[in-house]
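> heads up, no residue letters with this:
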């Protein structure tokens, strides 16, 4: 004789149907995000309802042998600096949409700036990559813009046509 009502037995079954409202809570993705952030010692973060990540402070992912960010990592705003230089990145997808201070993505294998922040509070460094275009670069940079040592040399006029740069442009 089964003393547990059938409805409770169903509650302990972990397969969720497509119509189950709990299926879309993204609990598993949230755990993946937390584990990834913790593995890189990233602190003071908030995971928003849309699973985008805000960080109060700096994110340092330099020298981590990254080729790309996992599909479940999508930074939103980082109030300090964002370092992802000296890796093997081929894409900036997952990088913050806004960086309060400096953004460093130099010395990677980037062929595109798609996915980089739209706004950078201070300096933007994308030198020493394989860029042939700056399409996708930030719309606003509050300080310097450095894009030297790429597969193509860019003119100051070209950079300013894509981005409002308040500081000097290193070409």
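Okay, I see it. Source: prediction; values computed, not measured.

> quick one: pLDDT of the residue nearest to residue 40 when sequence neighbours are not counted?
Excluding its sequence neighbours, the residue lying closest to residue 40 (Cβ to Cβ, 6 or more residues apart in numbering) is residue 61, at 6.1 Å. Yep, even glycine has a C-beta here, placed from its N, CA and C like the rest. Reported pLDDT at residue 61 in the predicted model: 98.

> and stretch 56-71, which residues are buried?
58, 59, 60, 61, 66, 69 (16 or more other Cβ atoms under 10 Å).

> Check what pLDDT the first one gets.
The one in question is residue 58. 98.

> for this protein, which residue is closest to the average position?
residue 95 (1.7 Å; Cα atoms, centre = their mean).

> Can you list phi and psi of that one for me?
Dihedral angles of residue 95 (phi, psi; degrees, to the nearest 10) stand at phi -70, psi 160.

> could you list every residue that touches it?
By Cβ atoms under 8 Å, 6 or more residues apart in numbering, the contact set of residue 95 is 69, 75, 82, 84, 103, 105, 115, 116, 117.

> change it to 10 Å
59, 61, 69, 73-75, 78, 82, 84, 89, 103, 105, 113-117 (Cβ atoms under 10 Å, 6 or more residues apart in numbering).

> coming back round to it: give me every residue that touches the residue nearest to residue 40.
40, 42, 69, 82-87, 89, 95, 104-105.

> Sort out which of the residues you listed are in strands and list them.
Counting by DSSP state E, the part of the contacts of residue 61 found in strands is 82, 83, 104.
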